[in-house]
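Peer 1: Could you work out the structure for the sequence below:
(chains A and B)
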Amino acid sequence: MKKDDVSEMSRRTFLTAASAAALTPLFGAAGNQDLALHGGRPVRSTPLTTQFEGANFIDDKEKMEVAEVVESRNLFRFYGFTKPEKARNFELDFARFIGVKYGLAVTSGTAALHVALNALGVGPGDEVILPAWAWYSCYNAILLTGALPVFAETNESFTMDPEDLEKKITPQTKVVMPVHVFGSPAEMDKILAIARDHNLKVLEDSAEACGCLYKGKRTGSMGDISIFSFQVQKMITSGEGGAVVMNDPHLYERAIRFRDLGQVRPVFQGPLGPHDGAPGLVGLNYRMNEETGAIIGAQLAKLETMLTSQRQKYQYLHTCLSGLKGLKLRASNDIQGEIGIAFDVILPSKTLRDKFLEAMTAENVPMSIISASVVLPIMTYIETKQSPHPQWPSFNTPRGSAMRYGAECCPRTVDIWNRAATLSVGPKYGDHDLKDIVSAVTKVHAALLS
Amino acid sequence: MAIFSFQINKNMTSGEGGCIVTNDKRLYHRAAACHDNGYVRDSGGRALSDNLDLGLWGRGYRMDELRASILRIQLKRLPNVIARMHHSKYRIRKTLEQHPEIRLRRIVDPDGDTGCFLITTFQEPETAKGINRALRAEGITTFPQGVNNIVMTEWGLHIYYNIPSLVKKRGRDKKNSPWSLVENRDSHTEYGKGTCPYADSLFERSILLAIPSCLTDSDEQDIIDAFEKVLGSYPGIVGSHALTGA
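Peer 2: You can find the predicted model right below:
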């Protein structure tokens, strides 16, 4: 599969954006449009609905692939009535798509994180730096290894702030985990340089960003090891599922073993080459089954088409709604590489943000606070350092014992999150839906911010 | 609490899968939190992340709808699958009861036995090996062989001393956790062969035969005939032709 060429908007998109931009002054004139919140007529008569990404594109192709598996009765990927192939073929195709040597299919993004961290050999006494704004699984997976999570601030791209990353490095730091949230890439050049200078491994969490680009490279192709999720809210989905990708055969062997009870099955012997670099490694069971492999394989074949369409929608909104005074669009480390699943804004204050949300919802173009990823240090179970066992090693070291989470460890992230709002850009939104979004945002902006 | 597996070799399957069951509501909620992202959900599917007793580190073990739909069909078929395995196993087992040289597995509840495995134990390891080889030569085997009709020492990771990470105490990180943890410093448990000598002896002297639910009367008879033939010919078996040279 070739990479997207997203260096230019299509002519149609440009013309549409230009027309929409020309309408802005009408809504900019105060008093011309009463907010629906205040009894005015809403932009839409019915609410814009949230849409799933990949699930929206499920059709006969996925049905056929699953039917093949059920008919063959080969539900298990390593042996059966005949030779199972779906999960394995997906791994090969996915590695090619991302631009890496090895891909491993697993049961979830959370599982992928656990596999990746264990492949890296992370354990008690180690520290892993992750962004304060990420998903529970990022924190949980680190804790499960017995290591200590250390939070770095995020900036207005909602991704890891490289400057704060550098401040958080200690002699115990082993891994940096940049998270490409909401289909948007982290600032990989700086993060990779810092990691290199400090001899740290980089684990890219691209769970929410399958297909995202950073300066022409796929997210997930730049770190030492990377993970993806195929849960239902992701760009491609099998309901549940995940993948781990890497270029290093040593990491590949450790990942293979940890994900499958410590063993290397015959199908991996050839690609792995001479191994036994980790004989007897303990492992769990995070194997993907064949029917899951069948669906996700069919989804992967559609991903380029989905990405092109999604990017066009997002670029249109971004172009139309840039430059509105007081309404900052989320910063991007590569605006052309963004997938464009979330249109995010930052308001001057929490009060204004809350009012903005209320007003947008009343216009039937609902925006919300961001919950697709969360500010982890302020989650109660994290702030109170809940542990599955009193002697769990993560918090039993001097550093772990002294570690303090909560809002005080990430004030900048908390501030941004309190002022941020999001709108999911549905993959099946038509031109009229996009125009409604532009109309609603400009209308509410005019009333509240201009 | 109890757990079940739905991997391909199990009585019901979705290729991969599993289930936890309990009667305790609190344990149920904690298991639900643990198998999800570490919290329980409300009726709208949103996280209720402030209940610390139910807030655990989630491990992402949720099942998807596709596997669940396969399993619901499999569950409906399960009584029939069990009935057929049970029938096949006990028909074969009944004939083997005539042979005092075979010790059959002690079944705690024969009516409750699903019948998916038949285990025959012999006096000596060499006898078990020889009988097993002879049975396979008579065609009592499957393709691929998998774990069917094997001496139990060949049962891979099911046998404790076949687990290299356990026997060699291999940790998963650079510090060899959990073996190197200070909390485990007073543990001197070993896991190599010999740690459980009685079990080791049973494994060496026992043949494991999987009983599929699709055996026909003819298949069952083939297994019975093979046992009769092999036992009748094996040297050292009481009643064997080999003793009399017949």
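
Peer 1: send the alpha carbons of stretch A:430-445 over as PDB?
Peer 2: What follows is stretch A:430-445, C-alpha atoms only, in PDB (Å, rounded to 0.1, in the frame of the first residue of the first chain):
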ATOM      1  CA  GLY A 430     -21.500  14.800   4.100                       C
ATOM      2  CA  ASP A 431     -20.800  18.300   2.800                       C
ATOM      3  CA  HIS A 432     -23.900  19.600   4.500                       C
ATOM      4  CA  ASP A 433     -22.800  18.100   7.900                       C
ATOM      5  CA  LEU A 434     -19.400  19.800   7.600                       C
ATOM      6  CA  LYS A 435     -21.000  23.100   6.600                       C
ATOM      7  CA  ASP A 436     -23.300  22.800   9.700                       C
ATOM      8  CA  ILE A 437     -20.200  22.400  11.800                       C
ATOM      9  CA  VAL A 438     -18.600  25.500  10.300                       C
ATOM     10  CA  SER A 439     -21.900  27.400  10.700                       C
ATOM     11  CA  ALA A 440     -22.400  26.400  14.300                       C
ATOM     12  CA  VAL A 441     -18.800  27.100  15.400                       C
ATOM     13  CA  THR A 442     -18.800  30.500  13.700                       C
ATOM     14  CA  LYS A 443     -22.200  31.400  15.100                       C
ATOM     15  CA  VAL A 444     -21.300  30.400  18.700                       C
ATOM     16  CA  HIS A 445     -17.900  32.100  18.400                       C
END
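
Peer 1: Geometric centre of the chain: which residue is closest?
Peer 2: If you meant another chain, say so; for now it's chain A. residue A:208 (1.9 Å; CA atoms, centre = their mean).

Peer 1: Not quite, go with chain B.
Peer 2: Central residue of chain B (CA atoms, centre = their mean): residue B:158, at 7.0 Å.

Peer 1: That residue and residue B:150: what is the separation?
Peer 2: In this view, residue B:158 and residue B:150 are 10 Å apart by CB to CB, to the nearest Å. For the C-beta atoms, the positions are set from N, CA and C on the backbone; glycine is no exception.

Peer 1: Over to residue B:101?
Peer 2: With CB to CB as the criterion, residue B:101 and residue B:150 are 20 Å apart.

Peer 1: Can the biggest helix by length in chain B be said to contact chain A?
Peer 2: In chain B, taking DSSP state H as the definition, the longest helix is helix B:65-96. Yes: Helix B:65-96 lies within reach of chain A by CB under 8 Å from any CB of the partner chain, at B:65-67, B:70.

Peer 1: Now that helix: average pLDDT?
Peer 2: What helix B:65-96 shows for mean pLDDT is 97.

Peer 1: List the buried residues in stretch A:33-52.
Peer 2: A:33, A:35-37, A:42-44, A:48, A:52 (16 or more other CB atoms under 10 Å in any protein chain shown).

Peer 1: out of those residues, who's nearest residue A:91?
Peer 2: residue A:52 (23.9 Å; CB to CB).

Peer 1: Averaged pLDDT, the helix or strand encompassing residue A:175. What do you get?
Peer 2: Take DSSP states H and E as the rule and residue A:175 turns out to sit in strand A:173-176. Throughout strand A:173-176, pLDDT has a mean value of 98.

Peer 1: repeat for stretch A:209-217
Peer 2: The model assigns stretch A:209-217 a mean pLDDT of 98.

Peer 1: Quick one: end-to-end distance for it.
Peer 2: 12 Å (CA to CA, to the nearest Å).

Peer 1: before we move on, the earlier item: so which bits of the strand holding residue A:175 are buried?
Peer 2: A:173-176.

Peer 1: what would these look like in TSV with distance to residue B:89?
Peer 2: Shown next, in TSV, are the buried residues of strand A:173-176 (distance: CB to CB, whole Å):
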residue	distance to residue B:89
A:173	57
A:174	52
A:175	51
A:176	56
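
Peer 1: just the buried residues of stretch A:33-52 now: which is nearest residue A:142?
Peer 2: Closest to residue A:142 out of the buried residues of stretch A:33-52 is residue A:52 (28.4 Å), distances taken as CB to CB.

Peer 1: is it true that that closest one touches residue A:235?
Peer 2: No: when contacts are counted by CB atoms under 8 Å, residue A:52 is not listed as touching residue A:235 (10.0 Å).

Peer 1: ranges for the strands of the stretch 351-450 of chain A?
Peer 2: A:374-375, A:420-424 (DSSP state E, counting those that start in this stretch).

Peer 1: Between those strands, which one is closest to chain B.
Peer 2: strand A:374-375 (8.3 Å; CB to the nearest CB).

Peer 1: what does the average pLDDT come to for that closest one?
Peer 2: For strand A:374-375, the mean confidence score works out to 94.

Peer 1: again with stretch B:205-220
Peer 2: The model assigns stretch B:205-220 a mean pLDDT of 96.

Peer 1: What of stretch A:404-411?
Peer 2: Rounded mean pLDDT across stretch A:404-411 is 97.

Peer 1: in that stretch, what's buried?
Peer 2: A:405, A:409-410.

Peer 1: and what of stretch A:309-320?
Peer 2: So, applying 16+ other CB under 10 Å, buried residues of stretch A:309-320: A:310-320.

Peer 1: near chain B, from the residues you listed?
Peer 2: Of the buried residues of stretch A:309-320, not one also sits near chain B (CB under 8 Å from any CB).

Peer 1: among those residues, which are in helices?
Peer 2: Per DSSP H, the buried residues of stretch A:309-320 map to helices at A:310-320.

Peer 1: can you tell me which of those lies nearest to chain B?
Peer 2: Out of those, the member with the shortest distance to chain B (by CB to the nearest CB) is residue A:310, at 23.3 Å.

Peer 1: dump the residue contacts of that closest one.
Peer 2: A:53, A:183, A:235, A:339-341, A:425, A:427 (CB atoms under 8 Å, 6 or more residues apart in numbering or on different chains).

Peer 1: Which residue, other than its chain neighbours, is closest to it?
Peer 2: residue A:340 (4.9 Å; CB to CB, 6 or more residues apart in numbering or on different chains).

Peer 1: tell me the SS of that neighbour?
Peer 2: Three-state call for residue A:340 (DSSP: H, G, I helix; E, B strand; the rest coil): coil.

Peer 1: Quick check, it in contact with residue A:316.
Peer 2: No: at 9.3 Å, residue A:340 does not count as touching residue A:316 under the criterion of CB under 8 Å.

Peer 1: intersection of neighbour lists for those two?
Peer 2: Joint contacts of residue A:340 and residue A:316 (CB under 8 Å, 6+ apart) do not exist.

Peer 1: Give me the neighbour count for residue 163.
Peer 2: This is for chain A. 13 (other CB atoms under 10 Å in any protein chain shown).

Peer 1: looking at chain B here, not the other one
Peer 2: Neighbours of residue B:163 using other CB under 10 Å come to 18.

Peer 1: can you give me phi and psi for it?
Peer 2: phi -100, psi 100 (degrees, to the nearest 10).

Peer 1: In contact with the spatially closest residue to it that is not a sequence neighbour, which residues?
Peer 2: Closest residue to residue B:163 apart from its sequence neighbours, by CB to CB, 6+ apart: residue B:157 at 5.5 Å. By CB under 8 Å, 6+ apart, the contact set of residue B:157 is A:261-263, B:163.

Peer 1: Let's see if you can find the most crowded of the residues you listed.
Peer 2: residue A:262 (22 neighbours).

Peer 1: Which pLDDT value belongs to that residue?
Peer 2: Predicted confidence (pLDDT) for residue A:262: 91.

Peer 1: Does it touch residue B:165 like I think?
Peer 2: Yes: Residue A:262 lies in contact with residue B:165 (CB under 8 Å); the separation is 5.0 Å.

Peer 1: any common contacting residues for these two?
Peer 2: In contact with both residue A:262 and residue B:165: A:280-283, using CB under 8 Å, 6+ apart.

Peer 1: Let's see which of those residues end up in strands.
Peer 2: Counting by DSSP state E, none of the members of those fall within strands.

Peer 1: Let me have these in TSV, extended by distance to residue B:220 and pLDDT.
Peer 2: TSV is the format used below for the shared contacts of residue A:262 and residue B:165 (distance: CB to CB, whole Å; pLDDT from 0 to 100):
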residue	distance to residue B:220	pLDDT
A:280	40	72
A:281	42	83
A:282	40	85
A:283	38	89
